[in-house]
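**Q** using only what follows, build the 3D model:
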Amino acid sequence: MFYLNTPLNRYQVIASKAITQTLGHVLKRIYYALIVGSTDTLTWRFYPVAMFTAIAGTRLLECLDDARFRKVSGWVILTIAAACLYKGFGDLLAPLNS
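**A** Below you'll find the model as predicted:
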């Protein structure tokens, strides 16, 4: 949501988010590699999926104007956040139900 509330256009929003997510993922890989001792536990099968979704997202970005992009992105973020909260509360309350 942080990026959606800036005066950037949709291409600048995507580029800014891409660089910060890439940096975050690289730092997490380094962090967990130091804890676990290797990154062998990370599977390579997710890379083709990530590449496909990046290409599909780029094609979708071409179809949207800035206003529609912000609206759709807001709903996607809200949906993902709601799913995370639902899962989190479910996991939190699961021990109480057993």
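
**Q** which residues touch residue 4?
**A** Applying Cβ atoms under 8 Å, 6 or more residues apart in numbering to residue 4 gives the contacts 13, 70, 73, 74, 77. From N, CA and C alone the C-beta is placed, and that goes for glycine too.

**Q** give me the spatial nearest neighbour of the second one, chain neighbours excluded.
**A** In space, residue 70 comes closest to residue 4 once its chain neighbours are excluded; the distance is 5.2 Å by Cβ to Cβ, 6 or more residues apart in numbering.

**Q** I'd like the contacts of residue 4 as CSV, with neighbour count appended.
**A** CSV is the format used below for the contacts of residue 4 (neighbours: other Cβ atoms under 10 Å):
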residue, neighbour count
13, 19
70, 16
73, 18
74, 13
77, 13
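
**Q** any idea which of the residues you listed is closest to residue 58?
**A** Set against residue 58, the nearest of these by Cβ to Cβ is residue 13 (13.1 Å).

**Q** got a list of what the closest one touches?
**A** 3, 4, 6, 69, 73.

**Q** got TSV for those, with pLDDT and secondary structure too?
**A** What follows is these, written out as TSV (pLDDT from 0 to 100; DSSP: H, G, I helix; E, B strand; the rest coil):
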residue	pLDDT	secondary structure
3	77	helix
4	78	helix
6	84	coil
69	88	helix
73	87	helix
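
**Q** and the residue nearest the centre of the chain, what element?
**A** By Cα atoms, centre = their mean, the chain has its centre lying nearest to residue 21, at 7.5 Å. Here residue 21, judged by DSSP states H and E, is contained in helix 10-36.

**Q** flag every buried residue along that helix.
**A** 10, 13, 14 (16 or more other Cβ atoms under 10 Å).

**Q** could you measure from residue 13 over to residue 57?
**A** Per Cβ to Cβ, to the nearest Å, residue 13 is found 12 Å from residue 57.

**Q** what's the answer for residue 49, then?
**A** Counting by Cβ to Cβ - residue 49 and residue 57 are separated by 12 Å.
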